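**Q** Need a 3D model of the sequence below.
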Amino acid sequence: MGVDVETVAVSELGAAERALWSRFREEDPALASPYFDLRFVEAASQVAPNARVAVIREGGVVRGFLPFQQRGGLLQPLAAPLSDFHGLIAGPNLSVGGLLPRLEGVRRARVSGLIGAGEADRPGLRARRAMAADLSQGFNAYLASRDTRFLKDKRRRRRALERDHGPLSFAFERPTKAEIDLVIGRKRAQLSRTHQYDVFACGWTVALLHRLAEICAPDFGLRLATLKAGDTLVAAELGLSSGARHHLWFPIYDPAFAKYSPGSLMTLDTLEAAAARGIARVDFGVDADVYKRDFADPAEAVFEGLIERRASSRGLSMRGFGVSRLARRFDRIVACEPGLVGQIRGGTGFMAAMARRHPRLGAGVGLGLGLGLTLAALMVD
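**A** Below you'll find the model as predicted:
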């Protein structure tokens, strides 16, 4: 029997399809991430441009789903660049690459945190590891698994912060609109300070966080961790919970308190609070940052790269490409800006910022390189 793929709006999924979605997640622990929760997918589909879900059938029976957003001929994960993990919500023996010929107008797929990649997709993709803190045995058992020197250092810094700036207070609750705006504002300032592309400038990414904040459910939604010294907010992090999983998402901290490692102190407090609420695993994304090793251990494999289909004398073949740091940054621009004009504007702005960060390139060289790379890298058709 052949495989048929129908693309629909997420809102068009029926009760039977929604129940099957939930069953796929229950049967596969790798799909327990909040990004695979249908409530996240629904919220993202309401604001992300060109959002769809592929319904995969074989012999009339639904075998799986793939939420995505389309940029010209490029398929991206739904809510990219904000969705750290993504992939098929399905049973075994399906692959993203195998769907491309059946998706109208799609010629390639960019993945950055693909869970459960099919065997046909893996050649040429770069394998990484998800990083996670295991809280299933409680917070004390988690602490026993960490480096004692690391923990001793953080206890010392905690005492110093409290001595110098007043008693510490921590909260882990649903955020208000004002608190979300505060996190976004400070995150944008950080992105500007570090010459990175501003993923919130396009607007729909901000709308997504506000849409998620409107969801009031005991087992799903945004959670905000805050650490204060006296009346001063020294660190905060917006995260997303689904069932027994929590994903750390947007951290901020006050640079004036850097010597106290406020972000690390807040993370330890977050893990303790999460464990107390029945969270069994906290996700830190992929293994790109060295600091994550202090808090988390490698978990399942995730994949990044470009899956491309192309015609050949032997029919359709799949080809995977690795992702450089520069390519990943351009991916964010393409994800945020569905139109070519916005992509070029975002790309040239990013390269201008890179030229300021690396003055030896020279402004003219940097901008010229930026325009050339933008036109080359952002042609998603």
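
**Q** any idea how far the residue lying closest to Ser242 once chain neighbours are set aside is from Gly97?
**A** Leaving aside its chain neighbours, Ser242 sits nearest to Pro34 (3.7 Å; criterion: C-beta to C-beta, 6 or more residues apart in numbering). All C-beta atoms are positioned from the backbone trio N, CA, C, and that covers glycine. Distance, Pro34 to Gly97, by C-beta to C-beta, to the nearest Å: 25 Å.

**Q** Then Arg63?
**A** From Arg63 across to Gly97, the span is 16 Å (C-beta to C-beta).

**Q** Look at these two and report which has more neighbours.
**A** For Arg63 versus Gly97, neighbours defined as other C-beta atoms under 10 Å are more numerous around Gly97 (26 against 19).

**Q** contacting residues for that one?
**A** Contacts for Gly97 (C-beta atoms under 8 Å, 6 or more residues apart in numbering) come out as 109, 118, 120-121, 307, 309, 318.

**Q** What pLDDT is listed against it?
**A** Here the pLDDT value assigned to Gly97 is 86.

**Q** From Ala117, how far out is it?
**A** Counting by C-beta to C-beta, the gap from Gly97 to Ala117 is 9 Å.

**Q** residues near Arg193, how many?
**A** For Arg193, the count of nearby residues is 9 (other C-beta under 10 Å).

**Q** Next up, phi/psi of it, please.
**A** phi -60, psi -30 (degrees, to the nearest 10).

**Q** before we move on, what about Thr176?
**A** According to degrees, to the nearest 10, Thr176 has phi -90, psi 170.

**Q** what do you get for Tyr197?
**A** Dihedral angles (degrees, to the nearest 10) for Tyr197: phi -70, psi 140.

**Q** right, and it touches Val334 too?
**A** No: using C-beta atoms under 8 Å, Tyr197 makes no contact with Val334, being 10.6 Å away.

**Q** Settle it for me: which of those two has more neighbours?
**A** Using other C-beta under 10 Å, the more surrounded residue of Tyr197 and Val334 is Val334, with 24 against 20.

**Q** what helix or strand does the more buried one sit in?
**A** According to DSSP states H and E, Val334 maps onto helix 325-336.

**Q** which residues touch the closest residue in space to Asp37 that isn't next to it in sequence?
**A** The shortest distance from Asp37 to any non-neighbouring residue, by C-beta to C-beta, 6+ apart, is to Ser242 (4.2 Å). By C-beta under 8 Å, 6+ apart, the residues touching Ser242 are 32-34, 36-37, 39-40, 219-220.

**Q** bridging residues for Ser242?
**A** Applying DSSP bridges to Ser242 gives these bridge partners: Phe220, Arg245.

**Q** separation between it and Thr226?
**A** Distance, Ser242 to Thr226, using C-beta to C-beta: 21 Å.

**Q** One more: Val61?
**A** The gap separating Val61 from Thr226 is 47 Å, by C-beta to C-beta.

**Q** Equivalent analysis for Arg157, please.
**A** Using C-beta to C-beta, one gets 18 Å for the distance from Arg157 to Thr226.

**Q** Among those two, which residue is more densely surrounded?
**A** More crowded of Arg157 and Thr226, by other C-beta under 10 Å: Thr226, with 23 against 17.

**Q** Doesn't the more buried one lie inside a strand?
**A** Yes: according to DSSP: H, G, I helix; E, B strand; the rest coil, Thr226 belongs to a strand.

**Q** Confirm for me that it is in contact with Ala171.
**A** Yes: under the criterion of C-beta under 8 Å, Thr226 makes contact with Ala171 at 5.0 Å.

**Q** Please give me every residue in contact with Ala44.
**A** Applying C-beta under 8 Å, 6+ apart to Ala44 gives the contacts 51, 67, 78-79, 83, 208.

**Q** average pLDDT across stretch 251-265?
**A** Averaging pLDDT residue by residue across stretch 251-265 gives 97.

**Q** Determine how far the last residue of that stretch lies from the first.
**A** End-to-end distance for stretch 251-265, by C-alpha to C-alpha, to the nearest Å: 12 Å.
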